[in-house]
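Undergrad: following is a predicted model, sequence given first.
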Amino acid sequence: MKTLLPKSSNETDELLEAQAEIRHLRETMLILREELEAQRYEKDAAVQGVVQRSTDEIIQLKDTAASLRDELESLQYKKDDAVQQAIQRSADEIQQLKNTATSLRVELESLSFEKDAAVQQAVQRSSDEILQLKRTATSLRDELESMRFRKDAAVQQAIQRSTDEIAQLKNTVGNLRDELESAQYQLEDEVQKMRLQNQNEIQHLKQTVEKLRDELEAKHA
């Protein structure tokens, strides 16, 4: 059995110095662990921020689509209302023409006993007026068709603009999603590199501690 010799002053100082270095290494390991946790927290916070911005963008896109849908329905309502008004005006004009024709017919019948010349003049005037009325009706019909065409063209243009804007918004969402995935990949890569670096430093510290322990045991042997 070996007899323990009294420790010299130098050995005591070296032991205290080794213990202090071990405490320093432990404190360094604790600081590194806290920094790693802080980096993980910052990464999670950054990912949450990007997800929240993407969610807000999707909600804004939905609101825009709903607004465009309401505007399209309003345009359709205005178109239908304009068509109904045009049809009503045309119906009133036709009824007025019918009333005028009836009145002319009555007048023509009342003049049938007058002179042939007067009758012929009245018939001619009636024919001219009827022709003018037909031309007026034709003009109104053409104007109605033109109005329908312009309304349909306006609706198609509005639909096309809405489709183009929605496609552009979808492309923007896709680009944002790609940027989010790229940022997440970079963060994960950086975290992985930091973890590997910390593991190497910890391994080096363990080796240093083990070496110091061996030196202490060798001195006490």
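TA: Thanks, I have it. Numbering: from 1, shown residues only.

Undergrad: check contacts around the spatially most central residue of the chain.
TA: For the chain, residue 61 is the residue whose C-alpha lies nearest the centre (C-alpha atoms, centre = their mean; 3.1 Å). With contact set as C-beta atoms under 8 Å, 6 or more residues apart in numbering, residue 61 has these partners: 169, 173. C-beta here means a position set from N, CA and C on the backbone, and glycine is covered the same way.

Undergrad: mind running it again at 6 Å?
TA: If you count contacts by C-beta atoms under 6 Å, 6 or more residues apart in numbering, residue 61 has them with residue 169.

Undergrad: where's it, which helix or strand?
TA: With secondary structure defined by DSSP states H and E, residue 61 is part of helix 9-110.

Undergrad: what's the next secondary structure element after that helix?
TA: helix 116-220.

Undergrad: and that next one, how far from the chain's centre?
TA: Distance of helix 116-220 from its chain centroid, counting by C-alpha atoms, centre = their mean, to the nearest Å, is 6 Å.

Undergrad: how many other residues sit next to residue 138?
TA: By other C-beta atoms under 10 Å, the residues close to residue 138 number 10.

Undergrad: which stretches of this structure have low pLDDT?
TA: 1-8, 108, 110-115, 118-119, 122, 221 (pLDDT under 70).

Undergrad: buried stuff in stretch 178-194?
TA: Under the neighbour-count criterion of 16 or more other C-beta atoms under 10 Å, stretch 178-194 has residue 187 buried.

Undergrad: contacts for that stretch next, please.
TA: 43, 50.

Undergrad: what about 10 Å?
TA: 32, 35-36, 39-40, 42-44, 46-47, 50-51, 53-54 (C-beta atoms under 10 Å, 6 or more residues apart in numbering).

Undergrad: likewise stretch 33-46?
TA: 183-184, 187-188, 190-191, 194-195, 198, 202.

Undergrad: if we use 7 Å, what do you get?
TA: With contact meaning C-beta atoms under 7 Å, 6 or more residues apart in numbering, stretch 33-46 is reached by 187, 191, 194, 198.

Undergrad: mind putting those residues in a markdown table, distance to residue 81 included?
TA: Rendered in a markdown table, the data for the contacts of stretch 33-46 read as follows (distance: C-beta to C-beta, whole Å):
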| residue | distance to residue 81 |
| --- | --- |
| 187 | 56 |
| 191 | 62 |
| 194 | 67 |
| 198 | 72 |
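
Undergrad: tell me which of these is nearest to residue 69?
TA: residue 187 (38.2 Å; C-beta to C-beta).
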